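# what would the 3D arrangement of this be:
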Amino acid sequence: MYTNSAEEKSNYRWVICSLLLFATTINYLDKQVLSMTIDDHIRPDFHWSDFQYGLITGFFSLFYAVACLFAGRFMDWIGTRRGYIYAICIWSVGACLHAFCGLATMEIVGIDSPEEMRALEAGSTIALAVASTSVWLFLVCRAILALGEGGNFPAAIKTTAEYFPKKDRAFATSIFNAGSSIGALASPLLIPLLAELYGWQMAFIIIGALGFIWMFCWMYAYERPERNKHVNQEELTYILQDEEISDAVEEKEDEKPIPILRCLTYRQTWSFVLGKFFTDGVWWFYLYWAPSYFSTCGYSMKTTTGKFLVFTLYTIVTILSFCGGYLPKYFVEKRSMNPYTGRMRAMLIFAFFPLAALFAQPMQDISIWFPAIFIGIAGAGHQAWSANIFSTIGDMFPKSTVATITGMGNMAGGIAAWAISIGAGLLFDYAEEQGEAFSFFGICAKPAGYMIVFCGCAVTYIIAWCFMKTLVPTYKQIKV
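Predicted coordinates for the structure are as follows:
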């Protein structure tokens, strides 16, 4: 530990937070390459239906769900320094492998060129073979991507618990969690351009390679705060203000994670798990289907308007979501609430933001920019909610078990995301086939399908908050 007696405390915890922000940004860029290239590049090459695209995104969520459970336990066992390196290395390899699915499909099916594959007659035997083969290959790549990406949030939340006192954790979490918005914000401007200039394959490779650069930065910068030469005594005292410093160092060395089966006996675990189950699928739906939604409205990612619609959506998400970290800090410091009470008060407020999604489809007839604005407000509500629900783990569980509980919650969220993605794909294909015969609230065909999903997405946060408040009405820390 660095013991310089300088009067002003160091602020190295924010350097660590910035690295978490960049890792999360890369994480979401890697996720978004598929959704940003699906309608203009990948679907024409492989002749996929909405159901097949939903199958790929849905099973990625399922792979991610399983990976999160084991990744959380893995991070608590091996520590965030090495664990994060393994995670980002695996997901970067998985991201790059997507680029080779086209070559592998042509080799397996017996097609000589991408042009020949793209020119196949839709519905023909060989086109169906191409679609089926490529779906399986993408599923393998998505499984590898999910295996690595499952470690991001358990590692990031555990690092936040190590480097920030409880009152600052939601704010720190909102900062690094904004990487998901920044990644989604950069993707419509960066990924379609890369795909148009160099092909969709190179888009996967270039974005995937960013993870390897981050790896080397993390290896140099990270050590636990009590051992980090860049953290002086004043900053360490600030970080550990919630506990006795002498006990804290001993805890980090000796405390073991709570066994998973025992974790399941706590109401606090189920509060977090249900909160993630009801809400994570909403964000994943917006992430994967928003570009396709705007394409359905006539604005693909090849058009300038299409790119700026997605950019506008995530600009709103990015700006508003920072309130997610500040509001509970205000309740704790200005209203003298304990961290959990302040967080739950803030989460109730943010639970009403997603109701904006109810207006997205009805207002589309007035201007296509209204859906971008309303989905952006709904997405901002999710990100603000997410920053706080993650921080409830550090409030109630010992640091040795934070990543484990994070993984369990992310697993529940991944299962919900799998269900909504598969269901949305089936619904959209069915609505498109039925045409004007399929209607919902006076909206017909495929847009009616989107309206149904938007309605479901709008109300889930209020439901989730009610479950969480019922299970854990007041702050109660787990003692082991």
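# quick one: contacts for the residue most central in space within the chain?
Central residue of the chain (C-alpha atoms, centre = their mean): S180, 5.9 Å from the mean position. Taking C-beta atoms under 8 Å, 6 or more residues apart in numbering, we find S180 in contact with 24-25, 27-28, 283, 383. The way it works is simple: take the backbone N, C-alpha and C, and place the C-beta from them, glycine included.
# that one: what secondary structure?
Classification of S180 by DSSP: H, G, I helix; E, B strand; the rest coil places it in helix.
# so how far is A87 from it?
As for S180, its distance to A87 is 16 Å (criterion: C-beta to C-beta, to the nearest Å).
# do I452 as well
Distance from I452 to A87, by C-beta to C-beta: 36 Å.
# between those two, which has more neighbouring residues?
Using other C-beta atoms under 10 Å as the criterion, I452 and A87 rank with A87 on top: 28 against 20.
# name the SS class of that one, please.
Applying three-state DSSP: A87 is helix.
# that one: what's it in contact with?
A87 touches 71, 148-152, 155, counting by C-beta under 8 Å, 6+ apart.
# with secondary structure and neighbour count added, can I get those residues in a markdown table?
A markdown table is the format used below for the contacts of A87 (DSSP: H, G, I helix; E, B strand; the rest coil; neighbours: other C-beta atoms under 10 Å):
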| residue | secondary structure | neighbour count |
| --- | --- | --- |
| A71 | helix | 31 |
| G148 | helix | 24 |
| E149 | helix | 30 |
| G150 | coil | 29 |
| G151 | coil | 30 |
| N152 | helix | 28 |
| A155 | helix | 31 |
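# shouldn't W214 be in contact with L19?
Yes - counting by C-beta atoms under 8 Å, L19 is a contact partner of W214 at 7.4 Å.
# which SSE is the closest residue in space to T404 that isn't next to it in sequence in?
Nearest non-adjacent residue to T404, counting by C-beta to C-beta, 6 or more residues apart in numbering: G72, 4.6 Å away. Using DSSP states H and E, G72 maps to helix 50-78.
# check which helices and strands that helix sits against.
Applying 3 or more C-beta pairs under 8 Å, 6 or more residues apart in numbering; DSSP states H and E, we find helix 50-78 packed against helix 12-37, helix 80-97, helix 125-149, helix 152-163, helix 267-296, helix 402-434.
# any idea how far that helix is from the chain center?
Taking C-alpha atoms, centre = their mean, to the nearest Å, one finds helix 50-78 lying 11 Å from the centre of the chain it belongs to.
# same check on stretch 138-151?
Mean-position distance between stretch 138-151 and its chain equals 13 Å (C-alpha atoms, centre = their mean).
# likewise for stretch 72-91?
Worked out by C-alpha atoms, centre = their mean, stretch 72-91 lies 17 Å from the chain centre.
# how about stretch 16-31?
Distance, centroid of stretch 16-31 to centroid of chain: 10 Å (C-alpha atoms, centre = their mean).
# next: stretch 149-166.
Centre-to-centre, stretch 149-166 and its host chain are 14 Å apart (C-alpha atoms, centre = their mean).
# ditto for stretch 265-275
20 Å.
# hey, C-alpha coordinates of that stretch in PDB?
What follows is stretch 265-275, C-alpha atoms only, in PDB (Å, rounded to 0.1, in the frame of the first residue of the first chain):
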ATOM      1  CA  THR A 265     -32.100 -19.000   1.400                       C
ATOM      2  CA  TYR A 266     -31.900 -15.200   1.700                       C
ATOM      3  CA  ARG A 267     -34.800 -12.900   0.700                       C
ATOM      4  CA  GLN A 268     -32.200 -10.300  -0.400                       C
ATOM      5  CA  THR A 269     -31.000 -12.700  -3.100                       C
ATOM      6  CA  TRP A 270     -34.500 -13.300  -4.500                       C
ATOM      7  CA  SER A 271     -35.200  -9.600  -4.400                       C
ATOM      8  CA  PHE A 272     -32.200  -8.900  -6.700                       C
ATOM      9  CA  VAL A 273     -32.900 -12.000  -8.900                       C
ATOM     10  CA  LEU A 274     -36.500 -11.100  -9.500                       C
ATOM     11  CA  GLY A 275     -35.600  -7.400 -10.100                       C
END
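# what's it in contact with?
Contacts of stretch 265-275 (C-beta under 8 Å, 6+ apart): 263-264, 389, 392-393, 396-397, 405, 408-409, 412, 464-465, 467-468, 471-472, 476, 478.
# buried ones in that stretch, by neighbour count?
266, 268-275 (16 or more other C-beta atoms under 10 Å).
# quote the end-to-end distance of stretch 332-347.
14 Å (C-alpha to C-alpha, to the nearest Å).
# against V33, how distant is L264?
If you go by C-beta to C-beta, the gap between L264 and V33 works out to 36 Å.
# which one's more surrounded, the two?
Neighbours were counted for L264 and for V33 using other C-beta under 10 Å; V33 has more, 26 against 11.
# quick one, what contacts the more buried one?
V33 neighbours (C-beta under 8 Å, 6+ apart): 95, 98, 187, 191, 200, 203-204, 207.
# so of the residues you listed, which ones are in helices?
95, 187, 191, 200, 203-204, 207 (DSSP state H).
# return the members of those residues classed as buried.
Neighbour counting over those (16+ other C-beta under 10 Å) leaves 95, 187, 191, 200, 203-204, 207 as the buried ones.
# turn the residues you listed into a markdown table, including distance to T401.
Below are these laid out as a markdown table (distance: C-beta to C-beta, whole Å):
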| residue | distance to T401 |
| --- | --- |
| A95 | 30 |
| S187 | 34 |
| I191 | 37 |
| W200 | 41 |
| A203 | 39 |
| F204 | 36 |
| I207 | 33 |
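# got JSON lines for the residues you listed, with pLDDT too?
Listed next are those as JSON lines, based on pLDDT from 0 to 100:
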{"residue": "A95", "pLDDT": "95"}
{"residue": "S187", "pLDDT": "88"}
{"residue": "I191", "pLDDT": "93"}
{"residue": "W200", "pLDDT": "93"}
{"residue": "A203", "pLDDT": "95"}
{"residue": "F204", "pLDDT": "96"}
{"residue": "I207", "pLDDT": "95"}
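# and those, which is closest to A458?
S187 (24.1 Å; C-beta to C-beta).
# check contacts around S421.
Contacts of S421 (C-beta under 8 Å, 6+ apart): 54, 57-58, 61, 281, 284-285, 288-289.
# just the buried ones from the residues you listed, in PyMOL syntax?
Selection of buried members from the contacts of S421 for PyMOL, criterion 16+ other C-beta under 10 Å:
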select buried, resi 54+57+58+61+281+284+285+288+289
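# does A380 count as helix, strand or coil?
Of the three states, A380 takes helix under three-state DSSP.
# quick one: the strands in the stretch 301-450 of the chain, in order.
439-440, 443-444 (DSSP state E, counting those that start in this stretch).
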